[in-house]
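Undergrad: dropping the sequence and predicted coords here.
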Amino acid sequence: QVQLVESGGGLVQAGGSLRVSCAASGRTFSLSTAGWFRQAPGKEREFVAAISSAGRRTYYADSVKGRFTISRDNAKNTAYLQMNSLKPEDTAVYYCAVSPRDIDYVGEYDYWGQGTQVTVSS
């Protein structure tokens, strides 16, 4: 069982930056694919970014490519999402998730955090 706790959300002006973190419990985090998702009010949850277990491969949604960077520190059991050049449309609850499967074969993620709110004002 893996427990995930997100932190670092908040209110930021458009054009600003924010970094959200995802702290994982358990010994399997370093072997797991980690991903970030977001859900805006009235919208479905959408994929934002993913990173392979060793951090060598990353994938991004087109909407955040070039602005967001996913990273991880396996020694700290933590994944990060650095968000730059934020836009009002980035406003959402951001969730982290992990899967024991390789990043190219994840399908559904097995474990989810409770989410952290990110609000970007115009």
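TA: Cool, the structure landed. Numbering: from 1, shown residues only.
Undergrad: name the residue most distant from the centre of the protein?
TA: Computed with CA atoms, centre = their mean, the residue of the chain farthest from its C-alpha average is Ser122, at 22.7 Å.
Undergrad: what are the boundaries of the strands in this protein?
TA: Assigned by DSSP state E, the chain shows strands spanning 4-7, 10-13, 18-24, 33-39, 46-51, 58-60, 68-73, 78-83, 92-99, 111-112, 116-121.
Undergrad: now mean pLDDT too, for those strands, in JSON lines please.
TA: What follows is these, written out as JSON lines (pLDDT from 0 to 100):
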{"stretch": "strand 4-7", "mean pLDDT": "97"}
{"stretch": "strand 10-13", "mean pLDDT": "98"}
{"stretch": "strand 18-24", "mean pLDDT": "98"}
{"stretch": "strand 33-39", "mean pLDDT": "98"}
{"stretch": "strand 46-51", "mean pLDDT": "98"}
{"stretch": "strand 58-60", "mean pLDDT": "98"}
{"stretch": "strand 68-73", "mean pLDDT": "98"}
{"stretch": "strand 78-83", "mean pLDDT": "98"}
{"stretch": "strand 92-99", "mean pLDDT": "97"}
{"stretch": "strand 111-112", "mean pLDDT": "96"}
{"stretch": "strand 116-121", "mean pLDDT": "98"}
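Undergrad: kindly reformat those strands as a markdown table and extend each row with mean neighbour count.
TA: In this view, the C-beta of every residue, glycine as well, is placed from N, C-alpha and C. Formatted as a markdown table, the strands of the chain follow (neighbours: other CB atoms under 10 Å):
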| stretch | mean neighbour count |
| --- | --- |
| strand 4-7 | 18 |
| strand 10-13 | 12 |
| strand 18-24 | 20 |
| strand 33-39 | 23 |
| strand 46-51 | 21 |
| strand 58-60 | 17 |
| strand 68-73 | 18 |
| strand 78-83 | 23 |
| strand 92-99 | 23 |
| strand 111-112 | 18 |
| strand 116-121 | 17 |
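Undergrad: just send those back as a markdown table, with distance to Tyr105 too.
TA: Converted to a markdown table, the strands of the chain look like this (distance: least, CB to CB, whole Å):
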| stretch | distance to Tyr105 |
| --- | --- |
| strand 4-7 | 20 |
| strand 10-13 | 34 |
| strand 18-24 | 20 |
| strand 33-39 | 9 |
| strand 46-51 | 12 |
| strand 58-60 | 13 |
| strand 68-73 | 18 |
| strand 78-83 | 19 |
| strand 92-99 | 9 |
| strand 111-112 | 16 |
| strand 116-121 | 27 |
